[in-house]
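Peer 1: how would this look folded up:
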Amino acid sequence: MIYVVGIGPGDASYLTKAAEAIILSAELLIGAKRNLESIENFKGEKVELGSRLEDLLALLRANRNKNIAVLASGDPLIYGIGKYLSKHVSKDNLTIVPGISAVQYMFSRIPLDMNDLYITSSHGKKPNFDRVLGYPKVAMVTDDLVGPSQIADEILKRDLAKVILVGENLTYPDEKITRFKPEEITHQMKFNRNVVVILDEE
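Peer 2: Numbers count the residues shown, from 1 in each chain. Below you'll find the predicted structure:
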């Protein structure tokens, strides 16, 4: 069986008991370096996941008779590996174990309800900002190409009354959550791994 396990937004204390039990009973653990390092007391084999998802499928096929746990940051089905594997692995041989997402955690820290929230990502794509900025409440998982400064630019182009909250290194000791007006964000600012929340200005 292949388990895709959400391990939470970062700190291991946000790992659910269900996820922990599956991880510790697995024979093979696959994940990004940082995710693997966060798992303690695992006695089986660990394999670091590279950027080529085809290699992951080959590894899963080669170990089809083992119980395998594939680690995913946050929740596997919020812009995670869960979508890819659900399309390429038989549903009879796949179990997805949800985790606390960085988006959930961010909203708990603001704090603000997630009702009617639009969730999107800029990973590997440029969002349709006309659509995204039409919503009153947005969460965006960002990357190095489209992050807080690019989002601020798009808001200013449209002369919209919005505020931007940037959550960096969520759950880690150096966690930082900052509220900005769009004009306060410059391209000279550097942001660590982050989730951006865009809200209508009240």
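Peer 1: C-alpha only now, for contacts and for neighbours.
Peer 2: OK.
Peer 1: Now stretch 54-65: buried residues?
Peer 2: Neighbour counts over stretch 54-65 (16 or more other Cα atoms under 10 Å) mark 56, 60 as buried.
Peer 1: Begin at 425, not 1, for the rest of this chat.
Peer 2: Sure, I'll start counting at 425 from here, so that last one is stretch 478-489.
Peer 1: Could I get the average pLDDT for that stretch?
Peer 2: Averaged over stretch 478-489, pLDDT sits at 93.
Peer 1: same question, stretch 569-576
Peer 2: Rounded mean pLDDT across stretch 569-576 is 94.
Peer 1: Report the buried residues of that stretch.
Peer 2: 570, 571, 572, 573, 574, 575, 576.
Peer 1: For it, which outside residues touch it?
Peer 2: With contacts defined as Cα atoms under 8 Å, 6 or more residues apart in numbering, stretch 569-576 is touched by 546-547, 550, 566, 588, 590, 606-607, 609-611, 613, 615, 620.
Peer 1: List the buried residues in the helix or strand of the chain with the lowest mean pLDDT.
Peer 2: The helix or strand of the chain with the poorest confidence is helix 457-461; it has a mean of 91 (mean pLDDT, DSSP states H and E). Buried residues in helix 457-461, counted by 16+ other Cα under 10 Å: 459, 460.
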